[in-house]
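Trainee: Test case, fold it:
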Amino acid sequence: MNVFTEFRRDVMRAVENLSLPGELPLKAVTVEPPRDPAHGDLATNVAMVIAKPAGMAPRVLADKLKPLLEANPHVAAVEIAGPGFINLRLKPDYWQRQVSTIVNAGKAYGDSALGQGVKVNVEYVSANPTGPMHVGHCRGAVFGDALAALLHKAGFDVAREYYINDAGAQVDVLARSAHLRYREALGESITIPEGLYPGDYLKPLGQHLAQKYDAKYQTAPEADWLVLFRKEATEAMMDMIRDDLAALNIHHAVFTSEKALHESGAVQTAFDRLQQRDLIYTGVLEPPKGKLPEDYETRPQALFKASAFGDDADRPLKKSDGSWTYFGADIAYHDDKYRRGFSQMIDVWGADHGGYVKRMKAAVKALSDGEAELDVKLVQMVNLMDGGEPVKMSKRAGTFVTLRDVVDEVGKDVVRFIMLTRKNDAQLDFDFKKVTEQSKDNPVFYVQYAHARICSVLRNAKTEVPAVDTTDGALAGADMTKLSHPAELSLIKLLSSWPRLVDSAAEAHEPHRVAFFLQDVAAAFHGLWNVGRDDTGMRFLLPEDIELTRARLAMLRAVAMVIASGLAVMGVTPVEEMR
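Mentor: Take a look at the predicted model:
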């Protein structure tokens, strides 16, 4: 249950009871926590938003709403602040009952109907199938996967998708590199020339090709083996990528091939659709300032009127020789998504693709007549360090630190959590030493320690207070009015804001908010634990007071469930014991 949504409905009922004239902008009405908790539990802007169309001053309207809101049996006080904000203070028993709500819901607490089953396509990773993924791909993979999980929890119908860039020149380079390793496996001494992929990761592929084809293509002309080796190498690299992603517990439901789009005629179909709408013309673009893009030509090209849909300039879809640009294929891919029923699309890209965002949004708007929406989330670089020193490159990869290197070093849960401790478009430092130390400065440890501590208390309760039944059903039935200490009520209020956090983070497409929230919950719990060290009456296990113990254990169970719910969104497994 979302406390803030519930009271927003109450505010709406109060407005209806006033029978105000005019068209009221009710969608802009919010109920949220006040900036200063001393002002109350909830704050609403309703009087500020609807006063003008209702034809009265905000404070006058607030005064009219006040008695209607005070009539709610859960409301202890209603105060009007400033020019017309309304602050509500709720009775303690309302918050105390939330503990039972959370325990009964379990990890499903926070599940929302916000999305109403709307289909959303989240495309992430989409690394070129030319080798193992590096740590930059790792951050985008975790971000995309957590965003998909967050949207699913918020009630959207989510498809996780990977776009395989298997039609470009880089795949030919991969095939030539694989052929070189194939010859090496057959006993040749090779030198890897500039421009081919030097990593050792292609050696197993070379050995596989040597076993499968013997020396059939060792000295054959390129035309005899290029297409075959391209297919073999792409499949092998995608197997490697799926393996690397599985190490992070990431599994895509859909893999779409760029090559298949070309072969099916989808690129031409999308082009024809734009042409029928008079959105394609032949022309020569002015040279852009700075570095020229790969698809720039001084000769006439087929151009898409991207500038009519918010882009800075029109964009080429075909080169002067008639071949497609990368953008031409990307348009077909997003058209394919739209044709599959996705009116909401989210693409997760590296920050170096920022200049590509406007054109892609323009294309989606044009192809769907404005019905579809594309949100592109740019993911910044990760700075890998160990004790403050830059980490050396991976020998296996040849030029970079691989995703697998990082996961094998610290484990998937640490990687996933740390990758979500910064907003996606902010740079992130990943220090191997810091992310594995056991201190409150390490957010992974801090949150997991809270969960483990709670599990320890619940285990100890069975021997120290055996009269207390610690099953969820029994704990949910505890007398929660026993939870009257300000620190307890503050913790319960924080837990009760989890459903609101899910909705707001899902709407903003910002899964890092979950990591921030869990750190706040952990801090509040650890703070309460410390209160008990100084005040024995505030300890969780009190054999002399069975009912208070039962209520406090219920509160701890609620904390553990909210932490587990948040970690599930992040793809992190909660621990029950710290090693």
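
Trainee: contacts and neighbour counts: CA atoms only from here.
Mentor: Will do.

Trainee: The residue in the chain sticking out farthest from the centre and Y182: what is the separation?
Mentor: Most distant from the centre of the chain: T219, at 48.7 Å, with distances by CA atoms, centre = their mean. Distance from T219 to Y182, counting by CA to CA, to the nearest Å: 11 Å.

Trainee: For the protein, name the helix or strand with the lowest mean pLDDT.
Mentor: When the helices and strands of the chain are scored by mean pLDDT, DSSP states H and E, strand 389-390 comes last with a mean of 90.

Trainee: Just the residues contacting it, thanks.
Mentor: 383-384 (CA atoms under 8 Å, 6 or more residues apart in numbering).

Trainee: ok, which stretches of the stretch 251-400 of the chain are helices?
Mentor: 258-264, 266-276, 326-339, 357-367 (DSSP state H, counting those that start in this stretch).

Trainee: With mean pLDDT and distance to T471 added, can I get these in a markdown table?
Mentor: Listed next are the helices of the stretch 251-400 of the chain as a markdown table, based on pLDDT from 0 to 100; distance: least, CA to CA, whole Å:
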| stretch | mean pLDDT | distance to T471 |
| --- | --- | --- |
| helix 258-264 | 96 | 52 |
| helix 266-276 | 96 | 56 |
| helix 326-339 | 96 | 46 |
| helix 357-367 | 97 | 51 |
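
Trainee: Spit out the contact partners of G22.
Mentor: 53-54.

Trainee: tell me the SS of it?
Mentor: Recorded secondary structure, G22: coil (DSSP: H, G, I helix; E, B strand; the rest coil).

Trainee: phi, psi of it?
Mentor: phi 80, psi 170 (degrees, to the nearest 10).

Trainee: where's it relative to M48, distance?
Mentor: 15 Å.

Trainee: sorry, back to before: what helix or strand is the residue farthest from the centre of the chain located in?
Mentor: T219 belongs to no helix or strand when elements are defined using DSSP states H and E.

Trainee: Okay, it and G206: tell me how far apart.
Mentor: In terms of CA to CA, T219 sits 15 Å off from G206.

Trainee: Contacts only, for the residue nearest the centre of the chain.
Mentor: In the chain, the C-alpha closest to the average C-alpha coordinate belongs to L147, at a distance of 2.3 Å (CA atoms, centre = their mean). For L147, the contacting residues are 506, 509-511, 569, by CA under 8 Å, 6+ apart.

Trainee: ok, G473 touching N104?
Mentor: Yes - between G473 and N104 there is a contact under CA atoms under 8 Å: 7.2 Å.

Trainee: These two: which is more packed in?
Mentor: More crowded of G473 and N104, by other CA atoms under 10 Å: N104, with 18 against 13.

Trainee: ok, and the closest non-adjacent residue to the more buried one?
Mentor: In this structure, N104 finds its nearest non-sequential neighbour in A476, 6.4 Å apart by CA to CA, 6 or more residues apart in numbering.

Trainee: residue contacts, that neighbour?
Mentor: 99-101, 103-104, 554.

Trainee: just for this structure, where's the confidence low?
Mentor: Applying pLDDT under 70 to the chain flags the ranges 290-296, 395.

Trainee: Now do G187: how many residues are near it, please.
Mentor: Neighbours around G187, by other CA under 10 Å: 10.

Trainee: and it, that's in a strand?
Mentor: No - using three-state DSSP, the secondary structure at G187 is coil, not a strand.

Trainee: right, and V502 touches G110 too?
Mentor: Yes - V502 lies in contact with G110 (CA under 8 Å); the separation is 6.5 Å.

Trainee: buried set for the helix or strand hosting A178?
Mentor: Here A178, judged by DSSP H and E, is contained in helix 169-185. Applying a neighbour-count criterion of 16 or more other CA atoms under 10 Å, one finds 170-185 buried in helix 169-185.

Trainee: what's that helix packed up against?
Mentor: helix 203-213, helix 222-247 (3 or more CA pairs under 8 Å, 6 or more residues apart in numbering; DSSP states H and E).

Trainee: The longest one: which residues count as buried?
Mentor: Along helix 222-247, the positions that meet the burial threshold by neighbour count (16+ other CA under 10 Å) are 225-226, 229-234, 236-238, 240-245, 247.

Trainee: cool, and the shortest one?
Mentor: If you call a residue buried by 16+ other CA under 10 Å, then helix 203-213 has these buried ones: 203, 205-210.

Trainee: Tell me the one of those residues nearest A71?
Mentor: L205 (73.1 Å; CA to CA).

Trainee: from memory the closest one sits against L180, does it?
Mentor: No - using CA under 8 Å, L205 makes no contact with L180, being 10.5 Å away.

Trainee: quick one: P466 from V135, how far?
Mentor: Taking CA to CA, one finds P466 at 49 Å from V135.

Trainee: do the same with F85
Mentor: 47 Å.

Trainee: higher neighbour count, these two?
Mentor: Using other CA under 10 Å, the more surrounded residue of F85 and V135 is V135, with 22 against 19.

Trainee: If you drop the residues flanking it in sequence, what lies closest to the more buried one?
Mentor: Nearest to V135 is L403, by CA to CA, 6+ apart, at 4.7 Å.

Trainee: and the one you found, how far is that from S565?
Mentor: Counting by CA to CA - L403 and S565 are separated by 26 Å.

Trainee: before we move on, what about F417?
Mentor: Distance from F417 to S565, by CA to CA: 14 Å.

Trainee: Same question for A167.
Mentor: In terms of CA to CA, A167 sits 40 Å off from S565.

Trainee: Show me what the helix or strand that contains G566 is packed up against.
Mentor: Using DSSP H and E, G566 sits in helix 546-570. Where contact means 3+ CA pairs under 8 Å, 6+ apart, helix 546-570 is packed against helix 92-105, helix 135-153, helix 443-464, helix 472-476, helix 486-496, helix 512-534.

Trainee: To T549, which of those helices lies closest?
Mentor: From the helices and strands packed on helix 546-570, taking CA to CA, the stretch that ends up closest is helix 443-464, at 8.9 Å.

Trainee: what's in contact with that closest one?
Mentor: Helix 443-464 is contacted by residues 414, 417-418, 435-440, 468-470, 518-519, 522-523, 525-526, 540-541, 543, 553, 556-557, 559-560, 563-564, 574-578 when judged by CA under 8 Å, 6+ apart.

Trainee: Selecting buried members of those residues in ChimeraX, what would you type?
Mentor: Entered in ChimeraX, the line below selects the buried ones among the contacts of helix 443-464, by 16+ other CA under 10 Å:
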select :414,417,418,435,436,468,470,518,519,522,523,525,526,540,541,553,556,557,559,560,563,564,574,575,576
